[in-house]
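Student: Need coordinates for the following:
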Amino acid sequence: MKNKKNFILLGIAIFVVIVFGLYRYYIYTMQDQWSQEEMAIIAAKQHSDLIKVTRTEKSVWDKVVWVIEGKDKNDQSLLVWVPFTKDYKVDETSGAIHSELLQNGLSESQMKAKVQNELPNIKEIRLQLGMFNGNDVWQLFYRDQNHYYYRFYKFSDGRQLGEQYTLPNR
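Tutor: Sure, this is the predicted structure:
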């Protein structure tokens, strides 16, 4: 009886140690991501009229860019593009960080409607804001039949930029 009780306590202790270890590993792996996101939010607030943050997205194509969505002092939806350098610091060169009112471009729902109209048979996997060749874009990652593709659409008017990029079969 005493032996059984010791095994149960040992099992519980091992379980707690494993859960704590997994928690610490998660914190360790995500720490850089959270730090970079926080730097992007601070830079966005310093270089724009952003008051309140509602959403952040990280985009990686030719460079790492965080897009911060929020509200300005007039309670209008504002987007701020915050690019990072190769050594993961905020790129604060003149004009690198810039903002745009959401009303001056296509919203996510407008962009989804446009994509469904142009490509009715695709399986959309992800639509996110980003940067492509120095342009603010909607980045579409989708599947059509047996292939995966990327397309970029200009944020301001929804015009496709560049060609479609095909990924190898998975």
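Student: tell me the contacts of residue 115?
Tutor: Remark: with contacts taken as Cβ atoms under 8 Å, 6 or more residues apart in numbering, residue 115 is in contact with 122, 124, 127, 140, 142, 153. To be clear about C-beta, it is placed using only N, CA and C from the backbone, and glycine gets the same treatment.
Student: Who wins on neighbours among the residues you listed?
Tutor: residue 140 (24 neighbours; other Cβ atoms under 10 Å).
Student: distance of that residue from residue 54?
Tutor: Note on residue 140: its distance to residue 54, by Cβ to Cβ, to the nearest Å, is 22 Å.
Student: Just the ones of the contacts of residue 115 in strands?
Tutor: The strands in this structure, assigned by DSSP state E, contain 124, 127, 140, 142, 153 from the contacts of residue 115.
Student: Please report how far the third one lies from residue 160.
Tutor: Put plainly, it is residue 140. Residue 140 sits at a distance of 9 Å from residue 160 (criterion: Cβ to Cβ).
Student: try the second one
Tutor: Taking Cβ to Cβ as the criterion, residue 127 is separated from residue 160 by 14 Å.
Student: for the first one, same thing?
Tutor: If you measure residue 124 against residue 160 using Cβ to Cβ, the figure is 15 Å.
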